[in-house]
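Student: Just need the structure, nothing else, for what follows:
(chains A and B)
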Amino acid sequence: MGKYVLRRILQMIPVVLGTTLLIYALVFALPGDPVKAMFGEKPVNDAVAAQIRSEYNLDKPFIVQYLLFLKNALTLNFGNTFAGRPVIDVIAGAFPVTIKLALMAFVFEGLFGVIFGIISGLKKGTWYDSVILIVSLLLISVPTFVTGFVGQYLFGVKWQILPVTAGRNPGFLDLLMPACVLGSVSMAYIIRLTRTEVASNKTADYVRTARAKGMSNRAVTMRHILRNSLIPVVTYLGADLGSLMGGAMITERIFNIQGIGNTLWQAILRGEGTLTVSIVTLLVLVFVVCNLIVDLLYAVLDPRIRYE
Amino acid sequence: MRLPAKVLAAVVCAATVIMPLGACGSSSESSQQDMIISYYASEPQNPLIPGDTNETGGGHVIDMLFSGLVGYDKDGNSVNEVAKSITAQDNNTVYDIVLNDDWTFDDGTPVTAESFTKAWSYTANATNAQMEASFFAPIEGYDDLQNGDAPSDAQLSGLDVISDYEFTVTLSAPSASFPIMLGCNAFYPLPESFYDDPAAYGEHPIGNGPYKFASWSHNQDILVTRNDDYRGNFPAHNDGIDFVIYTDVDTAYADVQAGNLDLLDTVPSSSAVTFQYDPTVQSVNNPGSVIQTYTIPSDTPHFGDDEEGHLRRQAISMAINRETLCDKIKGGTATPATDFLSPTVPGYSDSLEGSDVLTYNPDKARELWAEANAIFPWDDANDVVKFSYNSDNSSAKSLFEAVSHFVTNTLGVRAETNPISTFSEFRQEVTDRQLKTAFRTGWQPDYPSADNYLVQLYDSAAADGNGSNDGDYKNADFDALMDKAASATSTAEAISYYQQGEEILLRDLPATPLYYDNAVVVSAIGVQNVDTNWKNVPVLQDVTKDVSRK
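Tutor: Numbering: from 1, shown residues only, chains lettered A, B, ... in the order given. From the prediction side, this is the model:
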């Protein structure tokens, strides 16, 4: 077990190196010159532009820029943004609210997704099942920004039940609508995933055996059907936590939440290499760690899986 | 290892616990009765230093925190602020500036001649990499500070401090509009404390304007409060401004509708047609100072600076119905262009000789196009009229598609658009002179004077990458008129030269004016005294609201 975890952690090193190189190359290859863009439609002052380029190493060849970034990153110095703020401060300022939002969305989608999925799976074919299926299909097919803007208009502007935007230092209520919007699509997937698994496990041989042995209905459902049905759901949830952190770009924009997604969006627009790469690297780490946790959770759910 | 099965449940519970904890930060609606006006903003792209601020995110804040030698009233006339008098000498090349002696910075130190001269030299010096350095190019000694190895505190040789409250400025060429320029943010004074630690100052600026800096929560808001020691002409009538940072205009609009945001100075394209009839908001829609044009580079085939080129440029211009563009595409938030300036700038005119080239006249357009074909034939199979624009600007796409439809429908020639995905990519192609098509250009003035529109955009000195003459237009007669205007002894005399220059532009059409963007402000119900200034920005000092409402 310990060995397994260690091996997985060591595997992160090439993954992180690879992604940073890739992202750095992509940002570098972005068309347009970020320093020129700083001047807008006004004439570019070459002397000032040269000074800025040398300050941010933008005048050096790509590979030198990347190695300098790596060297500084090893000493936890991620450089400054074009606005002169340390990248580490920017990330530290934006990350907490994204974590809060992602966890809320995660709990929302996990809780409601599994509950509705189980009910739907156990009562397959009833009118209740059909309603859940239709609603989940609807949520999957409507893009997040539509759910976001419609929710914002109805609950925020028209009925004034929930705040329109998250505002500064957002709390539970401020993030409630964004979290539901963010989690809605995944929730629909989880409903369908859980439903299918529960429905197929319900008729599995071992369930029939358990019932034949005289186990109570409740025990069969909890111990045998649910436990086996949750393995793919946990895989999905684990992978989804990572994308909730990084994929909140649209939701964060709609509700004016100044989190990681919004910061990343702006960094890309301004062609800020170091900020973009630092954020993406962090998201990669989150993703890898989430996957590790999921893999470890398998052992809890399925005793047949062992890690040597 | 086997974890107990309850771990999963525990994880879920732990996550649920976090949420109520997070809730502590919310609903901290303090019981303040201060009249703080909240205003849409974007995160400044540079530290809050006047000479390093060249975009509106930081610019709007800086303008509230600082006062220059002169300021602008809402109609664009300059009035003395810190300056007591500004006197031109030697054919507009030397200016003697005397200051009022009772101005102070927020830290209590007096505003003296050195507060200006040292700040200007610092900004002009390439070593300090300040975005607004180019503003000091007219001052003598500017070139000596451009190689990037001058010491950081090197001084401009054209600045001469005579006493604590008097200094002279020597320019390298005559300029009648220099006193007007002095109201730009690049020319604001800096206190001594700035030089100790510019980075720390940029996070917590100390100014001398109508408001004082209070706080800056990055990516969230910037708060400024009324400065009771302010001595100038534009005192605040509210207790402060909260610049609330948004990344999406649609979101900000929803906040105005719900009454969470007081002022928004731009309208999302989704509401462009409806906002004037929206009962949940109030709106102001005045002619503004931003002019939108398209430029055809002088070396574009068929569109050179010759008889054929002029005829074709005029024909295309007359093929475009600007009224329709303003009404249908801009939803009434734009005004058809009649000159190369804008309605909020002294010198604006709607009756210059030749300005009929900017009105829709399909018959005349076809006639001119046929005349051009007689000089050099247009090959319908291969020749195309193309308009390039940046497609990250939401209205540019519909605008240029409409323009090319007008060209096709009126002249019967192929016209296409050439979208380029981002603004920076687009500008790169423009500055590298790769575009051999018409392309989108626009101008937001730095200061309210005709020369800021004309010299920066069409003078030969601004061509070939030395300025914003992106089409490399060169006309000696035009240049001569601009020089005459710079040496003029009165504003009226200067304006008459500028207008003669514009008449040349109306013939040659290096750029073709389309419309002026209106100054549009949407405000929440209950907000009062909203008006816009020459810069298309609400006059923040005058805005008030009923604080008992919320």
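
Student: what comes up buried for the helix or strand containing B:Glu493?
Tutor: With secondary structure defined by DSSP states H and E, B:Glu493 is part of helix B:491-508. Neighbour counts using 16 or more other Cβ atoms under 10 Å in any protein chain shown place B:491, B:494-506, B:508 of helix B:491-508 among the buried residues. For every residue, glycine as well, the C-beta is placed using N, CA and C.

Student: Show me which pair in those residues is furthest apart.
Tutor: Using Cβ to Cβ, the two most remote members of the buried residues of helix B:491-508 are B:Thr491 and B:Asp508, lying 25.9 Å apart.

Student: Show me what from the stretch 51-200 of chain B comes close to chain A.
Tutor: B:54-55, B:126-131, B:133-134, B:146-148, B:199 (Cβ under 8 Å from any Cβ of the partner chain).

Student: helices and strands around the helix holding B:Glu493, which ones?
Tutor: In terms of contacts (3 or more Cβ pairs under 8 Å, 6 or more residues apart in numbering or on different chains; DSSP states H and E), helix B:491-508 is packed against helix B:307-319, helix B:450-458, helix B:476-486.

Student: A:Gly148: how many residues sit nearby?
Tutor: A:Gly148 is surrounded by 24 other residues when neighbours are defined as other Cβ atoms under 10 Å in any protein chain shown.

Student: distance of the closest residue to it other than its chain neighbours from B:Asp392?
Tutor: In space, A:Gly148 comes closest to A:Ile254 once its chain neighbours are excluded; the distance is 4.0 Å by Cβ to Cβ, 6 or more residues apart in numbering or on different chains. In this structure, A:Ile254 lies at 18 Å from B:Asp392, with Cβ to Cβ, to the nearest Å as the measure.

Student: More neighbours: those two, which one.
Tutor: Neighbour totals were compared for A:Ile254 and B:Asp392, and A:Ile254 leads with 27 against 16 (other Cβ under 10 Å).

Student: Contacts only, for the more buried one.
Tutor: For A:Ile254, the set of contacting residues under the criterion of Cβ atoms under 8 Å, 6 or more residues apart in numbering or on different chains consists of A:145, A:148-149, A:152, A:178, A:181, B:248, B:250-251.

Student: Of these, just the buried ones, ChimeraX syntax please.
Tutor: A single ChimeraX command selects the buried members of the contacts of A:Ile254 (16+ other Cβ under 10 Å):
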select /A:148,149,152,178,181 /B:248,250,251
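
Student: for the contacts of A:Ile254, which one is nearest A:Asn72?
Tutor: The shortest separation between A:Asn72 and any of the contacts of A:Ile254 is 32.5 Å, and it belongs to B:Asp248 (by Cβ to Cβ).

Student: which residue packs closest to the closest one, ignoring adjacent ones?
Tutor: Closest residue to B:Asp248 apart from its sequence neighbours, by Cβ to Cβ, 6+ apart: A:Arg253 at 4.6 Å.

Student: Report the separation between A:Met245 and A:Pro96.
Tutor: According to Cβ to Cβ, A:Met245 stands 12 Å off from A:Pro96.

Student: These two: who's more crowded?
Tutor: Higher neighbour count among A:Met245 and A:Pro96: A:Met245, with 24 against 13, using other Cβ under 10 Å.

Student: Could I get the pLDDT score of that one?
Tutor: With respect to pLDDT, A:Met245 scores 78.

Student: where does the residue of the stretch 201-308 of chain A found nearest chain B land on pLDDT?
Tutor: The shortest separation between the stretch 201-308 of chain A and chain B is 3.8 Å, found at A:Gln258 (distances taken as Cβ to the nearest Cβ). Predicted confidence (pLDDT) at A:Gln258: the value is 88.

Student: Name all residues that make contact with it.
Tutor: The contact partners of A:Gln258, taken as Cβ under 8 Å, 6+ apart, are A:93-94, A:97, A:252, B:219-220, B:245, B:247.

Student: Let's have those residues in a markdown table, adding neighbour count, pLDDT and secondary structure.
Tutor: Supplementary listing: these in a markdown table, determined by neighbours: other Cβ atoms under 10 Å in any protein chain shown; pLDDT from 0 to 100; DSSP: H, G, I helix; E, B strand; the rest coil:
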| residue | neighbour count | pLDDT | secondary structure |
| --- | --- | --- | --- |
| A:Gly93 | 17 | 89 | helix |
| A:Ala94 | 22 | 90 | helix |
| A:Val97 | 26 | 91 | helix |
| A:Glu252 | 28 | 91 | helix |
| B:Asn219 | 21 | 88 | coil |
| B:Gln220 | 20 | 90 | coil |
| B:Ile245 | 21 | 93 | strand |
| B:Thr247 | 21 | 87 | coil |
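
Student: Tell me the one among these nearest to B:Asp305.
Tutor: Taking Cβ to Cβ as the measure, B:Thr247 is the one of the contacts of A:Gln258 closest to B:Asp305, at 42.6 Å.

Student: From what I see, B:Gln501 and B:Phe478 are in contact.
Tutor: Small correction: residue B:501 is Gly, not Gln. Yes - taking Cβ atoms under 8 Å as the definition, B:Gly501 is a contact partner of B:Phe478 at 5.2 Å.

Student: Which neighbours do those two have in common?
Tutor: Once Cβ under 8 Å, 6+ apart is applied, the residues that B:Gly501 and B:Phe478 both contact turn out to be B:Tyr458.

Student: which residues of chain A score low on pLDDT?
Tutor: Scanning chain A for pLDDT under 70 picks out the ranges A:1, A:41, A:247, A:306-308.

Student: quick one, which of the helices and strands packed on helix B:491-508 is nearest to B:Trp103?
Tutor: With Cβ to Cβ, the closest approach to B:Trp103 among those belongs to helix B:450-458: 26.4 Å.

Student: helices or strands next to the closest one in the packing?
Tutor: Helix B:450-458 sits against strand B:438-443, helix B:476-486, helix B:491-508, with contacts defined as 3+ Cβ pairs under 8 Å, 6+ apart.

Student: Is chain A within reach of the first one?
Tutor: Which is strand B:438-443. Yes - figure legend: strand B:438-443 in contact with chain A (Cβ under 8 Å from any Cβ); contacting residues B:441-443.

Student: Stretch B:375-389 now?
Tutor: No - against chain A, stretch B:375-389 shows no contacts by Cβ under 8 Å from any Cβ, the least distance being 12.8 Å.

Student: Run through who's touching that stretch.
Tutor: Residues outside stretch B:375-389 that contact it (Cβ under 8 Å, 6+ apart) are B:294, B:301-302, B:307-308, B:311, B:316, B:369, B:372, B:396-397, B:399-400, B:403-404, B:407, B:413-420, B:426, B:429, B:435, B:437-440.

Student: again, but for stretch B:304-313
Tutor: Residues lying outside stretch B:304-313 but in contact with it, judged by Cβ under 8 Å, 6+ apart, are B:296, B:298, B:300, B:302-303, B:368-369, B:371-372, B:375-376, B:473-475, B:507-510, B:512.

Student: Just give me how far that stretch sits from the chain centre.
Tutor: When C-alpha coordinates are averaged (Cα atoms, centre = their mean, to the nearest Å), stretch B:304-313 and its chain have centres 31 Å apart.

Student: Could you do stretch B:313-328 as well?
Tutor: Relative to its chain's centre, stretch B:313-328 lies at 24 Å (Cα atoms, centre = their mean).

Student: Buried ones in that stretch, by neighbour count?
Tutor: Along stretch B:313-328, the positions that meet the burial threshold by neighbour count (16+ other Cβ under 10 Å) are B:313-322, B:325-326.

Student: nearest to chain A, of these?
Tutor: B:Leu325 (20.2 Å).

Student: Could you verify my assumption that the closest one touches B:Phe400?
Tutor: No - no contact is recorded between B:Leu325 and B:Phe400 when judged using Cβ under 8 Å, the distance being 10.2 Å.
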